[in-house]
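# Any chance you could fold what I've pasted below:
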Amino acid sequence: MRILLIKTSSLGDLIHTFPAISDAVTQMPNIVFDWVVEESFTEIPTWHPSVHTVIPIAMRRWRNSLLSISLKHEVSLCVQQIRKQNYDLIIDAQGLIKSALFTYLAKGNSVGLDWHSAREPLASMLYKQCHVVPHNLHAVERIRQLFAKALKYTIPKTPAKYGLQLPFALTNGISNNLVRKDHTPYLVFIPATTWPSKHWPVLYWVNLIKMATSYNYQVFIPWYSPKEQQLAESILNQAQAGTILPRQSLTDLAKWLVNAAGVVGVDTGLVHIASALEVPVISLYGPTSSKLTGTLGVAQRILNANFPCAPCRRKVCNYHLQSVVQPACFNDITPILVWNSLQKLIKY
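Numbering: from 1, shown residues only. Just a heads-up that it's a prediction; the model follows:
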């Protein structure tokens, strides 16, 4: 049985989809998936052994190049690739109008969330079959339910299993002499994300690095954009310890994560990857809620802000009263609390 999966972005949302694929494979061993995904995330679906073909799209880039001469040709080639195969089923796990359009264009019986369940209700009008999935479930469980209803099986009662398989050897770290040859354990700290309000205070990161290095851990910070690089360099310069990683692919970053003794990070995609890889993870949530889209894994703990206006779900903090740190909602998620929580996970 061949399924076309439509789930184009974002990084965390893609990771949330893997348990549903693992469920389906457990119930239907001969099932295989093709996956339509944003071009910047094409590595990610390949981490699951039951994903056969990855079909890249470029909605984010296309929106910024509507006047490009090559745009029409590029979109046409993409549609041809989507329509090349006759699928037994097409599942839109995104529930947006843009994802529903690709579902509609593909050849086969299309399935998605109904009017009351989809994030953008109009998307449901483009499916041949619609299913009700409650909004008050974690994203992982919502997708698991959608798959189970679409493929007509009962969700396993076991906890969600991501089922990721990727080369675990950290060859790039060894060749660059970043990892000590005596195999000293290391930690990965992930301070950067798109929303300024999600940033744990720089002073807290500095103090956490000092605690970690005092226990003889190496500390590494990854980055992607120039702003993330600047943030990492600022933290490490103030801490006078730790190492910034070179910019690299998501697969290479995943190798760093899976080989780490532990990971600490804010609400961002790399932290979801670490949780899926069953690495000890401390996730820091301030302006956003972890209830429906938080990290989910067997070896992780979420620290939620306990603050009057949290979670505010604002990209920029607008709390104007006096506070020791900014964003103010992180005040009580102190470095010592994070460190003690991480140590318990590592020892466990």
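# Mind giving me the packing neighbours of the longest helix along the chain?
Ranked by number of residues, the top helix in the chain under DSSP state H is helix 11-27. Helices and strands touching helix 11-27, by 3 or more CB pairs under 8 Å, 6 or more residues apart in numbering; DSSP states H and E, are strand 2-6, strand 32-38, helix 139-151, helix 269-276. No exception for glycine: its C-beta is placed from N, CA and C like everyone else's.
# what do you get if the cut-off is 10 Å, keeping everything else the same?
Applying 3 or more CB pairs under 10 Å, 6 or more residues apart in numbering; DSSP states H and E, one finds that helix 11-27 contacts strand 2-6, strand 32-38, strand 86-92, helix 139-151, helix 269-276.
# Please tabulate these in JSON lines, including the columns mean neighbour count, mean pLDDT and distance to residue 301.
Formatted as JSON lines, the helices and strands packed on helix 11-27 follow (neighbours: other CB atoms under 10 Å; pLDDT from 0 to 100; distance: least, CB to CB, whole Å):
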{"stretch": "strand 2-6", "mean neighbour count": "24", "mean pLDDT": "98", "distance to residue 301": "30"}
{"stretch": "strand 32-38", "mean neighbour count": "22", "mean pLDDT": "98", "distance to residue 301": "29"}
{"stretch": "strand 86-92", "mean neighbour count": "22", "mean pLDDT": "98", "distance to residue 301": "32"}
{"stretch": "helix 139-151", "mean neighbour count": "21", "mean pLDDT": "98", "distance to residue 301": "17"}
{"stretch": "helix 269-276", "mean neighbour count": "27", "mean pLDDT": "97", "distance to residue 301": "10"}
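# sorry, back to before: so for the longest helix of the chain, mean pLDDT?
For helix 11-27, mean pLDDT is 97.
# Next: stretch 72-79.
Model confidence over stretch 72-79, given as mean pLDDT, is 91.
# cool, stretch 324-336 as well?
Stretch 324-336 comes out at a mean pLDDT of 96.
# What residues of that stretch count as buried?
325, 326, 327, 328, 329, 330, 331, 333, 334, 335 (16 or more other CB atoms under 10 Å).
# ok, then the element right after the worst-scoring helix or strand of the chain on mean pLDDT?
Between all helices and strands in the chain, the lowest mean by mean pLDDT, DSSP states H and E belongs to helix 171-175, at a mean of 50. Once the chain leaves helix 171-175, the next helix or strand it forms, by DSSP states H and E, is strand 186-190.
# partner strands of that following strand, parallel or antiparallel?
Strand pairing for strand 186-190, determined by DSSP bridges: strand 218-221 (parallel), strand 262-266 (parallel).
# what about dumping the CA coordinates of stretch 144-163 to CSV?
The C-alpha trace of stretch 144-163 is given here as CSV (Å, rounded to 0.1, in the frame of the first residue of the first chain):
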residue,chain,number,x,y,z
ARG,A,144,-2.0,9.5,15.2
GLN,A,145,-5.8,9.6,15.3
LEU,A,146,-6.1,11.0,11.8
PHE,A,147,-3.9,8.2,10.4
ALA,A,148,-5.8,5.5,12.4
LYS,A,149,-9.2,6.7,11.1
ALA,A,150,-7.9,7.2,7.5
LEU,A,151,-6.3,3.7,7.4
LYS,A,152,-9.0,2.0,9.6
TYR,A,153,-6.9,0.6,12.4
THR,A,154,-6.9,1.0,16.2
ILE,A,155,-4.2,3.2,17.7
PRO,A,156,-1.7,1.1,19.7
LYS,A,157,-2.0,1.7,23.4
THR,A,158,1.8,1.9,23.7
PRO,A,159,3.4,5.4,23.9
ALA,A,160,4.3,7.2,20.7
LYS,A,161,7.3,5.8,18.9
TYR,A,162,9.2,8.0,16.4
GLY,A,163,11.1,5.2,14.8
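# Give me the distance between it and the centre of its chain.
Centroid separation between stretch 144-163 and its chain, computed with CA atoms, centre = their mean, to the nearest Å, is 19 Å.
# tell me the most buried of the strands paired with strand 186-190?
Of the strands paired with strand 186-190, the one with the most neighbours on average (mean count of other CB atoms under 10 Å) is strand 262-266, at a mean of 26.
# what angle sits between that strand and helix 269-276?
140 degrees (axes from the mean of the first three to the mean of the last three CA atoms, to 10 degrees).
# hmm, back to that, from the buried residues of stretch 324-336, pick the one nearest residue 299.
Minimum distance to residue 299 across the buried residues of stretch 324-336 is 19.4 Å, recorded for residue 333 (CB to CB).
# if I pick that closest one, what's in contact with it?
Applying CB atoms under 10 Å, 6 or more residues apart in numbering, we find residue 333 in contact with 200-201, 204, 282, 284-286, 303-307, 325, 341.
# so how far is the first residue of stretch 214-223 from its last?
End-to-end distance for stretch 214-223: 24 Å, by CA to CA, to the nearest Å.
# Cool, thanks, signing off.
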